[in-house]
Every structure is written in structure tokens, then in C-alpha cells.
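Trainee: here is the input, now give the coordinates:
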Amino acid sequence: METVYDFTVKMTDGNEKSMREYEGKILLIVNTASKCGFTPQFEGLQKLYEKYKEQGFVVLGFPCDQFKNQEFSNIDETLQFCQKKYGVTFPMFAKIDVNGEKEHPLYTFLKDQKGGILSKNIKWNFTKFLVDRNGKVVERYSPTTKPSKIEEDIVSILK
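Mentor: Below you'll find the model as predicted:
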């Protein structure tokens, strides 16, 4: 696998989607959780999406329940929560694992491209990966990095 476009992901309805549909776009891939201290970041992620989507920027949300069970068990609850509370309109996908035996291959690739401090593993919800128009990971951000702090990096690769 060479780029994020080589993967398929599962939509919330269970259907598969090729990441090729995002080819040529700048992506911010985020493992999300609805009941986490970082959940308010949905608001900032949505603002970035709205501000730059016309220029080819997309936020992709991947709900994950691996960190202290901070995600709803039902994906419909997750979607309703995100839309009602934070006005999320960017694409959200089926719940996945980002670490361990059942980790999604997309996340294996992302972590191989940009490891974390001390370990490649995702340490918590709202770890973010910025992907350029060629499908390559250009940066990894910790859960504590607010979306507004990523804006400058997004703008620099939108050009």
C-alpha cells in the first residue's frame, strides 16, 4: 500500500467505500469519540471543514471505542449526537479499531507513515493525520492539538 487511496473503509450503513473517492483532496483523518474530554473538538473540525471544503479539504471521522469506551454502541446514536450537538456534516464512518489485532489497515498505514512519540500506537481519541493531495501523510497531531492549531498547515498544502 502506497497511499491512503489504496484502502477501503466501511460507511455507517455497512457498505464499503474506496478512499480513491478522496483522491486529489487534502484530508484530516481523525479517530473520534462522542463521550471524551476532547469531544468539543468536533466544533473546530467542522469549522475547518466548512471553511476549506470548497478548496478540496475534507475531514474524515472514524469513531473508535478503544479508549475507556467513550463511544456510543450504536452508530446512529453517534451520528445523531455529532450532528445535533456540533453540527457535523463532514463524513463519518463505521466504528473501527485504531490499535491492536483488529486495527483497521488504514490506521496501520497512517501510523507507519507518521509514528507517535515513543510508539506508533494511537494513544487516545482525536489523534489527527493530515494527508496531502497525493495521499501521503504529512503530519500527525496529538489529541490535545486543537483543530485551530492545524489550520496553518492545511492552508500551506492547499496552495
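Trainee: alpha carbons only for contacts and neighbour counts from here, please
Mentor: Will do.
Trainee: which ones are touching residue 10?
Mentor: Residues near residue 10 by CA atoms under 8 Å, 6 or more residues apart in numbering: 16-17, 93-94.
Trainee: go with 10 Å
Mentor: 16-18, 62, 92-96 (CA atoms under 10 Å, 6 or more residues apart in numbering).
Trainee: which ChimeraX command selects the buried ones in the residues you listed?
Mentor: Here is the ChimeraX selection string for the buried members of the contacts of residue 10, based on 16 or more other CA atoms under 10 Å:
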select :62,92,93,94,95,96
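Trainee: quick one: which of the contacts of residue 10 sit in strands?
Mentor: 16-18, 62 (DSSP state E).
Trainee: does residue 89 count as helix, strand or coil?
Mentor: coil (DSSP: H, G, I helix; E, B strand; the rest coil).
Trainee: which element, helix or strand, includes the residue nearest to the spatial centre of the chain?
Mentor: In the chain, the residue lying closest to the centroid (CA atoms, centre = their mean) is residue 30, at 2.0 Å. Residue 30 is part of strand 26-32, with elements assigned from DSSP states H and E.
Trainee: the next helix or strand after that strand vs strand 26-32, what angle?
Mentor: On the C-terminal side of strand 26-32, the nearest following helix or strand under DSSP H and E is helix 41-52. Taking axes from the mean of the first three to the mean of the last three CA atoms, to 10 degrees, helix 41-52 and strand 26-32 form an angle of 170 degrees between their directions.
Trainee: what lies in contact with helix 41-52?
Mentor: With contact meaning CA under 10 Å, 6+ apart, helix 41-52 is reached by 26-28, 30, 32-34, 53, 55-61, 82-83, 85-90, 126, 143-151, 154-155, 158.
Trainee: check stretch 80-88 too.
Mentor: Contacts for stretch 80-88 (CA under 10 Å, 6+ apart): 33-35, 39-47, 49-50, 61, 72, 75-77, 79, 89-90, 92.
Trainee: from the ones in strands among the contacts of residue 10, pick the one nearest residue 101.
Mentor: Distances from residue 101 to the ones in strands among the contacts of residue 10, taken as CA to CA, are shortest for residue 62 (17.4 Å).
Trainee: just checking, that closest one touches residue 91?
Mentor: Yes - the criterion here is CA atoms under 10 Å, and residue 62 meets it with residue 91 at 8.8 Å.
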